[in-house]
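**Student:** I'd like to go over a predicted model; first the sequence, then the structure.
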Amino acid sequence: MDSGNYKYIWQAGDWPNWRFDLAALAGSMAEVSRAQGLLMGRLSDVGMALRDQASLATLTEDVVKTSEIEGERLNVASVRSSIARRLGVDIGALAPVDRHVEGVVEMVLDATGNCEASVTPERLFGWHAALFPTGYSGLSRIKVGGWRDDATGPMQVVSGPIGRQRVHFEAPPADRLEAETSRFLDWLNGGSNEAPLLKAGLGHLGFVTLHPFDDGNGRIARAIGDLLLARADGSSQRFYSLSAQIQRERKAYYEILERTQKRSMDVTEWLAWFLATLHRAVDQAQYILDAVLTKARFWQRWATTPLNERQVKLLNKLLDGFEGKLTSSKWASIANCSPDTALRDINDLLARGVLRKLDAGGRSTRYELSDLPQ
């Protein structure tokens, strides 16, 4: 596709009039809708409590992964605790939560939970302020709760060492932002001819193209995409995470964004990638639901077994996807108890058949859950 006599799509004469081949995308849209239907069909057969647990797991993954895409790692337990508290989902003891985690959670929950509310500059400024509660991005002071002003030069996405940096993209100049964002938000909030799934993809792309903030543009673009997907689903409760799938395909995500920014206003390729990635995200949600159901059946099976608080905590960690293998030393560290206490806890669960040994080796002996109920 020829980009004409310009470098980026926002410089095109027909900007911002997106074009795409609807016929070429129809099959992908139908496949996504079918996958969504299969997922919702399974969810309709489980109780409200399990639906809440599935939504909690999905939102936790969404918050963690949208930050990971930008190279930032959040504490999973803190994120889960923050979301559970806000949704009123009982997960037992809550982990400590810092204000940065709270900010990302606030943005994601507002985008999806209040998906039908208009997206205004003030709402976006609130999201931005929530992402950067200290007014800093790393060690750099940034303008928070307002459009960038380009005081230090044009907004560019770059990589590589200083002096040999490669410019992947340059956003529209700051003096265009008021008009550009106003037009974008009018389109976002108004009725349009695009299919809802396509509008989600276009909304994500449109915001990334404007890059109206000093930092946080990718996370806010994905929040806008989630908001539009929630509108498309007709439900604020989330059961699949596009951000998690984008994190799994991060390299391809950045490559398709860069190609799209340097081509014409025909964004069929971007939308095809968006739909295919969304399809994989919905398919991945089946595994989250499997894990939620397995956990529920596990606790139903052992409901009458007397367990102490440490045992419950560690068993839940194993059920939630414990990284690596469990040893008595890890048990002692996580449960904040002595090695002897950890070994007594483990031996009790071995005797009851809740845990089993993987191999021998003293302190290096590893343990896992016994066969989980299907």
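**Tutor:** That came in fine, so what should we check first?

**Student:** Enumerate the positions of the helix or strand of the chain with the lowest mean pLDDT that are buried.
**Tutor:** Lowest by mean pLDDT, DSSP states H and E among the helices and strands of the chain is strand 156-159, with a mean of 84. Residues of strand 156-159 classed as buried: Val157 (neighbour count, 16 or more other CB atoms under 10 Å). Every C-beta, even on glycine, is put in place using the N, C-alpha and C of the backbone.

**Student:** contact partners of that strand?
**Tutor:** Residues outside strand 156-159 that contact it (CB atoms under 8 Å, 6 or more residues apart in numbering): Gln165, Arg166, Val167, His168, Phe169, Glu170, Ala171, His211.

**Student:** Identify the residue spatially nearest to the fifth one, adjacent ones excluded.
**Tutor:** This points to Phe169. Of all residues not flanking Phe169 in the chain, Val157 sits nearest, at 4.3 Å (CB to CB, 6 or more residues apart in numbering).

**Student:** and the helix or strand just after the least confident helix or strand of the chain, what's its mean pLDDT?
**Tutor:** From strand 156-159 onward toward the C-terminus, using DSSP states H and E, the following helix or strand is strand 166-170. Strand 166-170 shows a mean pLDDT of 88.

**Student:** Does anything pack onto strand 166-170? Which helices or strands?
**Tutor:** The elements that strand 166-170 packs onto, with contact taken as 3 or more CB pairs under 8 Å, 6 or more residues apart in numbering; DSSP states H and E, are strand 156-159, helix 250-261.

**Student:** Show me how far the least confident helix or strand of the chain is from its chain's centre.
**Tutor:** Centroid separation between strand 156-159 and its chain, computed with CA atoms, centre = their mean, to the nearest Å, is 23 Å.

**Student:** Output that strand as PDB, nothing but the C-alphas.
**Tutor:** Extracted C-alpha coordinates of strand 156-159, given in PDB (Å, rounded to 0.1, in the frame of the first residue of the first chain):
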ATOM      1  CA  GLN A 156       8.400  10.000  19.100                       C
ATOM      2  CA  VAL A 157       8.500   6.200  19.700                       C
ATOM      3  CA  VAL A 158      12.100   5.300  19.600                       C
ATOM      4  CA  SER A 159      14.400   2.400  20.400                       C
END
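
**Student:** which residues does Gln165 contact?
**Tutor:** Here Gln165 is in contact with Val158, Ser159 (CB under 8 Å, 6+ apart).

**Student:** and it, how far is that from Asp215?
**Tutor:** Taking CB to CB, to the nearest Å as the measure, Gln165 falls 17 Å from Asp215.
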